[in-house]
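[1] predicted model follows, preceded by the sequence.
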Amino acid sequence: MTQRTKKAWLIFAIIILVISVAFMGISFATSRGGVNPGDGIFGAVLKPFQSGISFVCEKVGGVFDFFGDMKALKEENLELREEVDELSGQNRELLNYRKENERLRQLLELKESGILGETVGCEIIAKDPGNWFDIFTIDKGKNHGINVNDVVVTAKGLVGRVVEAGPVSAKVVSIIDAASSVGAIVTRTEDIAIVDGELALGEEGLCRLNYVTSGAGLIPGDTIETSGLGGIYPKGILIGTVTEIVDNISGLSGYAIIKPAVDFERIREVLVIKQGK
């Protein structure tokens, strides 16, 4: 209802109220004069007006009650919306805590297993622009025993290696970066290959398995691990899974597309394997 309509209703209600008061005055005056307004011609004329006025006043009062109830309902609805927003925010916060606790629990289990040797838990504090963690900075460095070429992992698999180490922080290059190269082995067939980063694939969070011979029998779904060759990466760390195989035109060798086991769009915590200087 517009402001103009509300104003019209208010004027109409005032007019009805004035008429009602006037009729009440007439009734009072006739009663003082000893005349019953309900008798005779005057009573017959007055009675329909009194009934009509009572009806109109009742309806006008109902309209104002309706608007009063609407206002109360709007206020209650606003309060409920605020409560829902607050509860939704609390639920998202609890969900984030739950995910973080799960990641930290998995890292702790991997660290305490001892299969990787001595490790240091770190948080990622900065990364290069973009959606993917191809190059990033961790919150520990030489003061914590971290050195260049130390291997970086999560509970899911291989992340990359340290390329710069300062006193209290270090820079890590991941396996999806174009500067990365990792000696690899196909778990099922034990064929040796190399996992390289590639600029175009890195923008999709993928990497490339090179130097795969045509007779290797590689199939989508094959898992790829570190081979231990090259002197940096220990053997047996999961790298990822083959998603696509591309044969070379010459037929001598081809390459495969690898989906890393680590989600390089969402990693937050890592373990650094201390290998010494």
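    Yep, that arrived.

[2] residue ranges with poor pLDDT in this structure?
    1-13, 16-68, 96-97, 99-104, 106-108, 110-115, 213-215, 248-253, 276-277 (pLDDT under 70).

[3] what strands line up against the helix or strand residue 270 falls within, and which way round?
    Assigned by DSSP states H and E, residue 270 belongs to strand 269-273. Under the criterion DSSP bridges, strand 269-273 sits next to strand 119-127 (antiparallel), strand 151-153 (antiparallel) in its sheet.

[4] which residue ranges of the protein form strands?
    Using DSSP state E, the strands found in the chain span residues 119-127, 135-138, 151-153, 158-165, 170-174, 181-186, 192-196, 207-213, 223-226, 238-247, 253-260, 269-273.

[5] could you export the ones you listed as CSV, including mean neighbour count and distance to residue 86?
    Where you see a C-beta, it was placed from the backbone N, CA and C, and this is true even at glycine. As requested, the strands of the chain are arranged in CSV below (neighbours: other Cβ atoms under 10 Å; distance: least, Cβ to Cβ, whole Å):
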stretch, mean neighbour count, distance to residue 86
strand 119-127, 17, 29
strand 135-138, 21, 34
strand 151-153, 25, 39
strand 158-165, 22, 37
strand 170-174, 24, 38
strand 181-186, 22, 47
strand 192-196, 21, 47
strand 207-213, 21, 43
strand 223-226, 22, 45
strand 238-247, 17, 41
strand 253-260, 20, 38
strand 269-273, 22, 29
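
[6] quick one on the thing from earlier: contact partners of the strand holding residue 270?
    103-104, 107, 110-111, 116-124, 138, 140, 146, 150-154, 159, 162, 170, 172, 234 (Cβ atoms under 8 Å, 6 or more residues apart in numbering).

[7] hang on, the earlier thing: which of the strands of the chain sits closest to residue 87?
    The closest of those to residue 87 is strand 269-273. By Cβ to Cβ, the value is 28.3 Å.

[8] show me what contacts the residue lying closest to residue 230 once chain neighbours are set aside?
    Nearest residue to residue 230, sequence neighbours excluded (Cβ to Cβ, 6 or more residues apart in numbering): residue 183, at 4.2 Å. Residues near residue 183 by Cβ under 8 Å, 6+ apart: 192, 194, 226-230, 233.

[9] so which of those would you say is closest to residue 218?
    Looking across the contacts of residue 183 and measuring by Cβ to Cβ, the closest to residue 218 is residue 192, at 12.1 Å.

[10] shouldn't the closest one be in contact with residue 182?
    No. With contact defined as Cβ atoms under 8 Å, residue 192 does not reach residue 182; the gap is 11.8 Å.

[11] turn the strands paired with strand 269-273 into CSV, including distance to residue 82.
    Listed next are the strands paired with strand 269-273 as CSV, based on distance: least, Cβ to Cβ, whole Å:
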stretch, distance to residue 82
strand 119-127, 34
strand 151-153, 44
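
[12] for residue 236, give its distance to residue 178.
    25 Å (Cβ to Cβ, to the nearest Å).
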